[in-house]
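[1] model the structure of this input:
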Amino acid sequence: MQALVVVLIMLGMMAAGNLLLSAIRLRPKLSWGGDLVIAFLVGSGVTTLIGFWVSLAAASAGLVVSLIASAAALLVAICILARRLIRRFVWPHRIPLSTVVATPLVLVALFDVGLLVAVVLRGDPGWDGLFVWGIKARYFAAIGGVPASFFTDLSREWSHLDYPFLIPMAEAMAYRVLGGPTEQVDMLITAGFVVGLVVLFHELIRNAAGPVLAVVFTLLLVTVPAFWTNATRAYADLPLALFLLGGGGLVASWFARGRLTDLILGGAILAFGMWVKRDGIMVWAAAATAVMVWTMTSSIRLHRITWRPLVGYLVPAIAVVPWWATVAGYHLADPSYAPIGIPWLVHHADRMPILLHVLADQLLLASSWGFVWVLVAAAVVLRPPIRSAPRAFMLWAVVVHLLSLTMIYTFSTWDPYMNHVNSSIDRLVFQVLPLGLVILTTAIGVDPSAALPAARRPGHEGLRTSARADSLAGLLRSLLSG
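    The predicted structure is shown next:
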């Protein structure tokens, strides 16, 4: 029963994302598997955010609205799918040959997914899974949403009141349906994100470098020890890694193909990453900087202001503004970190060279990463992304994220601060591992931008045609068509 409820909720989130993307015509056009994962990322972000928004007005109604939205979307998706299946199989009175050939491969893939889920379910939520994310989910499920009193209850300060709510809201939705909390739900939701990560990783690499390298590097990903460390705990780091992979991959795709849709969708998923965990802001900001630099250089080169990409990237972040405003309004702060300020930074500047050394040691730690990061570094040195905008962007995003860790721990209030570093640095590094492996793959395989004519790459006139071909709805349409 628990598994069925969680699966239906996650399918409802996927359906909600798919219907939303279809309605506003923001289709990623990766593959059917990749598109479904992207739809799930969008749907999980939207449905949980809706629950939070409703909670601001009526705390007890937040989860109910999220569940209704997911259930309605799933019902519509089932009706659409049933209609297509009837047309495909009943009216022709025969099963297409392509379906016959693909069926055994699909069954093998489903068997592999089952094995993956079985291993994940043998894990346990861990400390953060229970007492940082899970405890919020239990409280929200009991209330029915996020009450204002949550932010003023100092007895809960130790559980990080300022952490975002995507994971707790998703867990609380299942708790609400089942009538009570259970650790099995936490692991089932984690398993859903694990499957999504593996599927999207494979599809992004298949599009960039072909099916053979896609299989090889997917197997490499699941042999990295840190992958299983994070996959068997109900922490938010693996879900964030999935959001960073999806958002970063789509932004890189925009640099390669020039489709404005990819950039808008990538910006939305990276913005939802901040709703998963605050660490997502680092890659989001890195991507914003890259798009801003492109906008400035392109405007100079073309002698006109090319503002559509930058606006298209930034607009989706409006969705998480209510969350940040709530945190700021209640003056919530993480006691593990000092307020950002020059005096503290100057006084603790001696930490930075030590932290850089610790970061380098972490990346070389074979018991966690094997030789993955060594291979990534070798690929960058041997084939630098000088003329490849997609690879250059992904490298920039990964480097910004990793170097930001030294700044984060510089403001740590733990005494000694190295205890803070040792307790979490491996999880923070893992957040960009899949994106780092994509850099390695594109260095070995075919550069996704090499096969494209110049007119289809960002910065050329082809972008204008591509941008006009993307039809957006509502606010995005009015902002980006002018």
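
[2] strands along the stretch 351-482 of the chain, start to end?
    Counting by DSSP state E, counting those that start in this stretch, the stretch 351-482 of the chain has no strands at all.

[3] now do the chain
    Here the chain has no strands by DSSP state E.

[4] where does it dip in pLDDT?
    88-103, 105-106, 445-482 (pLDDT under 70).

[5] most centrally placed residue in it?
    By Cα atoms, centre = their mean, the mean C-alpha position of the chain lies nearest to residue 243, the distance being 0.5 Å.

[6] that one: what's its closest spatial neighbour, skipping adjacent residues?
    Excluding its sequence neighbours, the residue lying closest to residue 243 (Cβ to Cβ, 6 or more residues apart in numbering) is residue 273, at 3.7 Å. Where C-beta positions appear, they are placed from N, C-alpha and C, glycine not excepted.

[7] would you mind confirming that that neighbour is in contact with residue 283?
    Yes - counting by Cβ atoms under 8 Å, residue 273 does reach residue 283; the two are 6.9 Å apart.

[8] got any residues that touch both of these two?
    Counting by Cβ atoms under 8 Å, 6 or more residues apart in numbering, the common neighbours of residue 273 and residue 283 are 244, 247.

[9] quick one: which of these two has more around it?
    For residue 273 versus residue 283, the count of surrounding residues by other Cβ atoms under 10 Å is larger for residue 273: 32 against 29.

[10] quick one on the thing from earlier: can you pull the contacts of the residue nearest to residue 243?
    Residue 273 makes contact with 240, 243-244, 247, 280, 283-284, according to Cβ under 8 Å, 6+ apart.

[11] quick one: it from residue 164, how far?
    Taking Cβ to Cβ, to the nearest Å as the measure, residue 273 falls 9 Å from residue 164.

[12] re earlier: in helices, which of the contacts of residue 273 fall?
    Per DSSP state H, helices hold the following members of the contacts of residue 273: 240, 243-244, 247, 283-284.

[13] between those residues, which is closest to residue 396?
    Nearest to residue 396 among these, counting by Cβ to Cβ, is residue 283 at 9.7 Å.

[14] so the closest one makes contact with residue 394?
    No - Residue 283 lies out of contact with residue 394 (Cβ under 8 Å); the separation is 9.9 Å.

[15] need the overlap of contacts for these two.
    248, 435.

[16] now the closest residue to residue 380 other than its chain neighbours: how far from residue 179?
    Closest residue in space to residue 380, ignoring its immediate chain neighbours: residue 395 at 6.2 Å, by Cβ to Cβ, 6+ apart. To residue 179, residue 395 is 48 Å away according to Cβ to Cβ.

[17] these two: who's more crowded?
    Neighbour totals were compared for residue 395 and residue 179, and residue 395 leads with 20 against 8 (other Cβ under 10 Å).

[18] list the residues that contact the more buried one.
    Residues near residue 395 by Cβ under 8 Å, 6+ apart: 380, 385, 439.

[19] quick one: which of the residues you listed has the most company?
    Within the contacts of residue 395, most neighbours by other Cβ under 10 Å means residue 439, with 26 neighbours.

[20] not counting its neighbours along the chain, what's nearest it?
    Nearest in space to residue 439, with sequence neighbours left out and distances taken as Cβ to Cβ, 6+ apart, is residue 394 at 5.0 Å.

[21] how close does that neighbour sit to residue 223?
    Distance, residue 394 to residue 223, by Cβ to Cβ: 21 Å.

[22] so between these two, which is more surrounded?
    In this view residue 394 and residue 223 are compared by other Cβ under 10 Å, and residue 394 has more residues nearby, 27 against 11.

[23] what's near enough to touch the more buried one?
    By Cβ under 8 Å, 6+ apart, the residues touching residue 394 are 248, 252, 435, 438-439, 442.

[24] got it, and residue 429?
    Contact partners of residue 429, counting by Cβ under 8 Å, 6+ apart, are 226, 359, 362-363, 369, 402, 405.

[25] make it 7 Å
    Counting by Cβ atoms under 7 Å, 6 or more residues apart in numbering, residue 429 touches 362-363, 402.

[26] ditto for residue 69
    Listed by Cβ under 7 Å, 6+ apart, the contact partners of residue 69 are 16, 47, 50.

[27] out of those residues, which is nearest to residue 301?
    Ranked by distance to residue 301 (Cβ to Cβ), the contacts of residue 69 are led by residue 16 at 40.3 Å.

[28] can you get me a residue count around the closest residue to residue 144 other than its chain neighbours?
    Nearest non-adjacent residue to residue 144, counting by Cβ to Cβ, 6+ apart: residue 60, 3.7 Å away. Other residues near residue 60 come to 12 when the count uses other Cβ under 10 Å.

[29] the one 4 residues further on now?
    Here the neighbour count serves as a burial measure; for residue 64 (other Cβ under 10 Å) it reads 16.

[30] residues near residue 318, how many?
    10.

[31] same question, the one 4 residues further on
    Neighbouring residues of residue 322 were enumerated by other Cβ under 10 Å; the total is 14.

[32] that one contacts residue 53, doesn't it?
    Yes - shown here, residue 322 and residue 53 form a contact pair, counting by Cβ atoms under 7 Å, at 6.2 Å.

[33] buried among the contacts of residue 69? Need that as a selection in ChimeraX.
    Here is the ChimeraX command that selects the buried residues among the contacts of residue 69 (16 or more other Cβ atoms under 10 Å):
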select :16,47,50
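
[34] from the contacts of residue 69, which is closest to residue 315?
    residue 50 (17.9 Å).

[35] just the helices in the stretch 201-350 of the chain please.
    211-223, 225-231, 237-257, 260-276, 281-302, 308-314, 321-329, 342-347 (DSSP state H, counting those that start in this stretch).

[36] can you redo the ones you listed as TSV with distance to residue 69?
    Formatted as TSV, the helices of the stretch 201-350 of the chain follow (distance: least, Cβ to Cβ, whole Å):
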stretch	distance to residue 69
helix 211-223	32
helix 225-231	28
helix 237-257	20
helix 260-276	16
helix 281-302	25
helix 308-314	25
helix 321-329	17
helix 342-347	43
